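**Q** What follows is a predicted structure for the sequence shown.
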Amino acid sequence: FFFGSIMVAPHKMAPGVCTSGLGYSGYSSSTAAGGVEDVLLANSNGQRRSRRALASVPLLLAGLVVVVVVVVAFGVRPPTAAAQAAFSAVRPLATPARSGSAPQLPPWPAARPGLARPVKTAPRRPADRTVARAVPDAAAILPPQLTDNEAFKTALDQGTKVLASTQVQYVYHEAQDHPMALVVAAAALVAGYALWASRRTILWKLAQQQGYPEDVETVINKYCVETTPMKKGRSSAKFGVVSPLWNRNEQLAMKVSSGLQSWQQERDMFQKLRGGGGPFVQLYDAVPNYNGRGANMLIQECGDQDLLDCINERGPLPIRDTRKYGRQALRSVQALHRKGLVWCDCKPENFILVNGKLKAIDLETVVPVGADIPGFTPEVAPPELAIWERPPRRTAALAAQKSYDMWSLGMVLLHMHLGRSYWDGTTNSTIISSMRAQGFEVDLSEVRDPVLASLLKGLLQTDPKRRFNATIAAAHPFWLLP
């Protein structure tokens with residue numbers, strides 16, 4: 001069971017398998033059998049644990065086979081004298097409170113007659129060359145500037161004590177006595193991981209054998225088109241709903257764009273965010289030119305509705321919902337800022353509700369700090385962008401800065417609280433002219449909650465240097481209230 005438990009350990013990692021050499025999980029650019037299948041196995045609520053348990057059954061069986069092979073190959077016998085002496089010297093972790101002596105270890109079991117085999121003792125290293133000497137020997141070749149450091153000395157002493165412990169010595173001596181057992185275990189681990197990683201191919205092959213469903217008119221790559229992609233809002237991309245052939249109950253969002261550069265930009269941003277997840281939607285698949293006519297496809301997590309539709313449907317959100325969704329939007333901005341990135345397009349349309357949680361979408365406008373901004377939406381843009389011109393920039397104010405996102409976040413919070421945009425009914429040219437005016441400030445007189453007004457005042461500072469950053473905004477008392 002020890003080998004079986006190790007082989008099941010990969011299931012605790014993030015869902016998805018790195019394919020096509022991209023170097024992160026949960027994403028695939030393959031057009032035949034991408035990493036989407038692995039993510040879909042554990043995507044539905046209430047089924048994640050059961051699906052992982054089912055996927056672990058063959059690995060546990062493989063682990064049992066390994067145990068049987070080891071027993072048959074090496075037999076069950078008492079340990080060597082050195083190992084028995086080391087095991088007997090192990091001190092208990094704790095002494096019973098009402099006992100004056102430590103508990104005694106059970107005696108070694110006698111060998112079973114049918115499985116006993118001759119003991120072949122491997123040659124030992126000298127006593128002064130044991131595994132406990134590994135750390136000091138390695139430290140001897142390091143430069144004196146490092147070895148003279150007090151923190152390094154402390155870590156060196158602790159590492160030496162751990163390697164000199166009886167538990168480590170026991171494992172070390174047993175490994176010397178059973179070198180073939182290590183080879184068999186390593187081979188079993190490699191085979192188990194290969195089986196686990198090939199699950200996506202197995203699912204795809206099974207779906208191919210079953211054929212396409214009769215109630216589906218259009219199949220793109222390996223997805224059934226449930227809703228034809230259509231333009232929505234001010235976005236140039238088209239959005240639709242698809243489902244994978246092997247799981248028609250799973251709905252995914254399909255984003256189709258004709259611009260290869262923006263498609264690559266968004267795909268690369270998901271790569272930096274390790275396939276999304278958390279405060280961002282999960283990216284399952286990315287296929288360039290899927291129809292042979294220049295259309296590029298992204299398969300993402302599907303939401304119930306975006307934040308803008310939610311506000312238009314419900315009107316001004318209760319302060320509790322404003323706090324809940326605002327906190328989740330702030331986490332998205334924080335995640336980007338920690339990686340030195342600026343969103344440049346934080347607005348209600350770019351947040352969707354997934355099972356009651358707010359997640360960010362549309363990351364094609366994300367750029368590193370200091371890079372040229374790809375564009376902006378005047379309704380959520382800060383005043384310093386009112387003089388924006390297309391790249392290459394002519395003034396330092398056009399370089400992407402984290403303070404831009406903080407202003408946009410403040411406008412999103414204000415939009416949720418008022419139930420409408422602050423610039424509702426105003427044209428883009430009027431918005432830019434208003435922000436260019438001398439002494440421009442956002443009017444917060446309609447904000448009824450004084451704590452929210454305090455937060456918005458810090459986020460909507462016209463001076464970027466005085467504007468709250470993500471760390472200060474996250475520490476504001478507004479988020480601590482129920």
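**A** Thanks, I have the structure now. Residues are numbered from 1 along each chain as shown.

**Q** next helix or strand past the longest strand seen in the chain?
**A** When the chain is scanned for its longest strand (criterion: DSSP state E), the result is strand 223-231. Going down the chain from strand 223-231, the next helix or strand is strand 238-244, by DSSP states H and E.

**Q** Report the strands that pair with that next one, each with its relative direction.
**A** strand 223-231 (antiparallel), strand 252-257 (antiparallel) (DSSP bridges).

**Q** What lies in contact with the last one?
**A** Looking back up the chat, that one is strand 252-257. 220, 223, 225, 229, 236-244, 263, 281, 284, 295-303 (C-beta atoms under 8 Å, 6 or more residues apart in numbering). To be clear about C-beta, it is placed using only N, CA and C from the backbone, and glycine gets the same treatment.

**Q** List only buried entries from the residues you listed.
**A** The neighbour-count test (16 or more other C-beta atoms under 10 Å) marks 220, 223, 225, 229, 237-244, 263, 281, 284, 295-303 as buried among the contacts of strand 252-257.

**Q** Remind me which helix or strand the closest residue to Leu413 other than its chain neighbours belongs to.
**A** In this structure, Leu413 finds its nearest non-sequential neighbour in Gly326, 5.0 Å apart by C-beta to C-beta, 6 or more residues apart in numbering. Following DSSP H and E, one finds Gly326 within helix 319-338.

**Q** List the buried residues in that helix.
**A** Result for helix 319-338 [16+ other C-beta under 10 Å]: buried residues 319, 321-326, 328-337.

**Q** could you pull out the helices for the stretch 101-250 of the chain?
**A** 134-139, 144-147, 150-163, 166-177, 179-197, 199-210 (DSSP state H, counting those that start in this stretch).

**Q** which of the ones you listed is buried the deepest?
**A** helix 166-177 (a mean of 17; mean count of other C-beta atoms under 10 Å).

**Q** quick one: it to helix 150-163, angle?
**A** 60 degrees (axes from the mean of the first three to the mean of the last three C-alpha atoms, to 10 degrees).

**Q** If I take helix 166-177 and helix 179-197, what angle do their directions form?
**A** Going by the same axes, to 10 degrees, helix 166-177 makes 100 degrees with helix 179-197.

**Q** So which other helices or strands are in contact with helix 166-177?
**A** helix 81-88 (3 or more C-beta pairs under 8 Å, 6 or more residues apart in numbering; DSSP states H and E).

**Q** What lies in contact with the helix holding Gly326?
**A** Applying C-beta under 8 Å, 6+ apart, the set of residues contacting helix 319-338 is 273, 278-280, 307, 317, 342-343, 346, 351, 357-360, 366, 402, 405-406, 409, 412-413, 416-417, 449, 452, 469-471, 473-474, 478-479, 481-482.

**Q** Filter these down to just the buried residues.
**A** 273, 279-280, 307, 317, 342-343, 346, 351, 358-360, 366, 402, 405-406, 409, 412-413, 416-417, 452, 469-470, 473, 478.

**Q** Name every strand pairing with the helix or strand encompassing Leu298 and say which way it goes.
**A** Using DSSP H and E, Leu298 maps to strand 296-301. Strands adjacent to strand 296-301 in the sheet, as given by DSSP bridges, are strand 252-257 (antiparallel), strand 283-287 (antiparallel).

**Q** what does the model give the closest residue in space to Leu452 that isn't next to it in sequence for pLDDT?
**A** The spatially closest residue to Leu452, leaving aside those adjacent along the chain, is Phe478, at 5.7 Å (C-beta to C-beta, 6+ apart). At Phe478, the model reports a pLDDT of 96.

**Q** With Lys347 as the reference, measure out to Phe478.
**A** Relative to Lys347, Phe478 is positioned 20 Å away (C-beta to C-beta, to the nearest Å).

**Q** before we move on, what about Gly425?
**A** Relative to Lys347, and taking C-beta to C-beta, Gly425 is found at 17 Å.

**Q** Between the two, point out the one with more neighbours.
**A** Lys347 (23 against 7; other C-beta atoms under 10 Å).

**Q** and the more buried one, what are its phi and psi?
**A** phi -150, psi 160 (degrees, to the nearest 10).

**Q** The nearest residue to it once chain neighbours are set aside: neighbour count?
**A** With C-beta to C-beta, 6+ apart as the criterion, Lys347 has its nearest non-adjacent residue at 4.7 Å, and that residue is Val380. By other C-beta under 10 Å, 28 other residues sit near Val380.
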